[in-house]
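Asker: Build me a model from this:
(one chain, ligands or ions: 1)
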Amino acid sequence: MAGKNVYFASDFHLGIPDEASSFEREKRIIRWLDSIFADCEALFIVGDIFDFWFEYKLVVPKGFVRLQAKLAAFADAGIPVHVFHGNHDLWQFGYFEKELGVKVYAEPQVFEFSGKRFFVGHGDGLGPGQAKFKFILSVYRNRFFQWLFSFVHPSIGIGTANWFSHQSKLKTFDGNFTFYGEKEHLIQFCRNYPDRERIDYFVFGHRHLPMIFPLSEQSAYVNLGDWIGFNSYAVFNQHKLELKTFESDVPLPAF
Ligand SMILES: [Mn+2]
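Answerer: Numbering: from 1, shown residues only. Model (predicted):
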C-alpha cells in the first residue's frame, strides 16, 4: 500500500439539523477525504455516519450519495475502509459491504499497524451502568424488532425516526460536553479491559468529546469527537496517533 497514514473519524450525523447544513457537512467530509486520499493506508469510520439509517431488503434511504461514492472510491483504489455501526445507524444489513466494498463491523475489533494495537469501536453501551441506554440498544439490535420495522412503510418508519432525531438531538447530539474523567463510561471500560496493556489506543466515537487521554505509559483512550462541532479526526503516522481538525475554527478542547 502506498499510503502510510491510518485515519479515523466518526459521528458525522448526516441528516441533522436540516438538509442544507447536513449537505454542507457532507461536502466538507468529502474535501477531507480527498485531502487524505494520497497518503491513506486505511480509513476507519467509527459509527454514527448517519443520524438515522435503515436499509430495507430492496430499498435504501435517499441522500448521502457523495459520501457513499467517496468510500467506494477508496475501496476501489485498494484502500481498506472499515465502517462501524453507531447507535444511530446500526440498521445496516449488507448494503455497504456489497455496494461500496467496505468492511462493516457491528462490534469493536482489534487492529494492528506498525506494531501498535488499536481497539476500535463506536463505544455505545460499553462500560458499567447505563441500564436504560443498554435496554434501548438491545431493542435496536433485536432481530425480531428489526424485522417488524422493515414492514413499516419507509415514509412512516424513516419519517418518524427523522422526526424524533430532530426533536431530541438538535441541542445535545447524544451527550453532554462535560468530561467526567475517570468516571467516563468508556474510560472505565478501558480500565477494566483485561488485556489493557496490550492495547496502545482505544479508539471510540459516540461521546463527541475529542481527546487523547492517557491510561498508562503504554495505553490511551482516544475519542474522535464529531463533525458537528469539531470536524475532528485522528491520524496514525506509524509512530504515534494525533488528533486534528479540518476546516475548523473551533480549537480542540483541552482536558
Ligand atoms: Mn454520535
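Asker: burial measure for Ala77, as a count.
Answerer: Neighbourhood size, Ala77 [other Cβ atoms under 10 Å]: 13. Where C-beta positions appear, they are placed from N, C-alpha and C, glycine not excepted.
Asker: Next, the nearest residue to it once chain neighbours are set aside: secondary structure please.
Answerer: Spatial nearest neighbour of Ala77, excluding adjacent residues (Cβ to Cβ, 6 or more residues apart in numbering): Phe37 at 7.5 Å. At Phe37, secondary structure determined by DSSP: H, G, I helix; E, B strand; the rest coil is helix.
Asker: quick one: pLDDT of Phe37?
Answerer: pLDDT for Phe37: 97.
Asker: I figured it hits Phe74, correct?
Answerer: Yes. Between Phe37 and Phe74 there is a contact under Cβ atoms under 8 Å: 7.0 Å.
Asker: more crowded one of the two?
Answerer: Of the pair Phe37 and Phe74, Phe74 is the one with more neighbours under other Cβ under 10 Å, namely 21 against 16.
Asker: Need the pLDDT of the more buried one.
Answerer: Note on Phe74: pLDDT of 98.
Asker: Who are the contact partners of it?
Answerer: By Cβ atoms under 8 Å, 6 or more residues apart in numbering, Phe74 lies in contact with 33, 37, 40, 43, 81, 102.
Asker: top of those by neighbour count?
Answerer: Tallying neighbours with other Cβ under 10 Å puts Leu43 at the head of those, with 25 neighbours.
Asker: now the strands for the stretch 101-250 of the chain?
Answerer: For the stretch 101-250 of the chain, the strands defined by DSSP state E, counting those that start in this stretch cover 103-105, 109-113, 116-121, 201-204, 211-214, 220-223, 232-236, 241-245.
Asker: now the third one and strand 109-113, what's the angle there?
Answerer: In this structure, strand 116-121 runs at an angle of 150 degrees to strand 109-113, with axes from the mean of the first three to the mean of the last three Cα atoms, to 10 degrees as the basis.
Asker: and stretch 53-67, what's its mean pLDDT?
Answerer: Mean pLDDT, stretch 53-67: 94.
Asker: Brilliant, that's me finished.
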